[in-house]
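>>> Need coordinates for the below:
(one chain, ligands or ions: 1)
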Amino acid sequence: MQTACTKEELRALLAPVRGKRIVLVPTMGALHEGHATLMRQARILAGDEGRVVASVFLNPVQFDNAGDLAAYPQTPEEDLATCRSCGVDVVFMPTPDVMYCADRSITLEETHLSTVLCGACRPGHFAGVCLVVNKLFNLVQPTDAIFGKKDYQQLAILRRMVRDLDIPITLHGAEIVRGEDGLALSSRNVRLTPAHRAAAPTIYRALKAAAEAYAAGASADAVCRNVRSELEAIDGVRPDYVELVDAENLHAVTDEKRMALLAVAAFFGEVRLIDNIELTRNV
Ligand code: AMP
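Below you'll find the model as predicted:
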């Protein structure tokens, strides 16, 4: 495995493999089994001939809250070991001043899917995501990139970016990786208090019950109300949103034959957790 810290080092490492399949896995570090699963999928996709590139970059531009950025865990040594064990060929680990010019003045804003869910609660977040992912796409020039459905809205927005800007990269969505208790793995989980860590699996339990109820014909309102009240019953938990939307355009469901998405964001104390589940009607 090779490591690049500058754009020049990255270009030099990738120059010999241009023309081969290159699969990119962008991350912000503090890697866990969710990230590792994406990297192993990338390894399979790339095959023996292709290359897997992982980026580990805590992107300041996508944080709307300075406290959240400052508290975000960083574990570079462990991250390198994880990348190595998952068969990554090249790790790109730049610092913010390597990535961004001090007087950068281009923004990249998606204007439809970003207005709802996390986009409504975190101003500028998805513009920051689109900017950094675009830069990574230009630097790595991968043939493929893998993103987790844990950040479902992010994946939907990036699919739109690739479509609308004719970016010649195939995006792959990976299923959410969960702990044995159902909690979606997240770099932020380590910041939970023991009590909130113990209560956090309620999110997925509530989502699964909601999926069953929706499949059996429950209304979107009833489903969301139930999830919200389960979360509000936990001491120190404040739901940011609980919404049932069309899985592709992330706006209100207009056609119940299409896949829907139940998405949740909730503050467990200071820590904001997100999760979601895809829904279909049986009736
Ligand atoms: P992050 O480091 O949080 O920006 O995540 C990097 C990538 O890993 C994103 O595409 C995430 O959606 C994905 N990811 C993070 N956690 C999980 C998880 N529990 N299951 C699947 N994908 C995940």
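>>> How about the contacts made by the residue of the chain found nearest the ligand?
Using Cβ to the nearest ligand atom, the single residue of the chain nearest to the ligand is Gly148, 2.1 Å away. For the C-beta atoms, the positions are set from N, CA and C on the backbone; glycine is no exception. Gly148 sits next to Gly34, Leu38, Leu155, Gly173, Ala174, Glu175, Ile176, Val177 when contact means Cβ atoms under 8 Å, 6 or more residues apart in numbering.
>>> Could you do Pro123 as well?
By Cβ under 8 Å, 6+ apart, the contact list for Pro123 reads Asp64.
>>> what number of residues lie near Lys7?
When neighbours are defined as other Cβ atoms under 10 Å, Lys7 has 15 of them.
>>> Would you mind confirming that it is in contact with Tyr100?
No - checked against Cβ atoms under 8 Å, the pair Lys7 and Tyr100 is beyond contact range at 11.3 Å.
>>> which residues are common contacts for these two?
Joint contacts of Lys7 and Tyr100 (Cβ under 8 Å, 6+ apart) do not exist.
>>> circling back: list just the nearest of the contacts of Gly148 to Gly19.
Nearest to Gly19 out of the contacts of Gly148 is Leu38 (Cβ to Cβ; 23.9 Å).
>>> from what I can see that closest one touches Ile146, true?
Yes - using Cβ under 8 Å, Leu38 is in contact with Ile146, at 4.9 Å.
>>> Near the ligand, which residues of the stretch 51-200 of the chain are found?
Phe147, Gly148, Lys150, Asp151, Ala174, Ile176, Val177, Ala184, Leu185, Ser186, Ser187 (Cβ under 6 Å from any ligand atom).
>>> Farthest-apart pair in these, please.
So, those by Cβ to Cβ: farthest apart are Ala174 and Ser187, at 15.8 Å.
>>> hmm, back to that, who wins for neighbours among the contacts of Gly148?
Neighbour-wise, the contacts of Gly148 (other Cβ under 10 Å) top out at Leu38, 26 neighbours.
>>> Make sure that residue is indeed in a strand.
No - secondary structure of Leu38 (DSSP: H, G, I helix; E, B strand; the rest coil): helix, not part of a strand.
>>> now the strands: where do they sit in the protein?
Secondary structure of the chain by DSSP state E: the strands cover 2-4, 22-27, 51-56, 90-92, 144-148, 170-174, 237-246, 260-268, 271-279.
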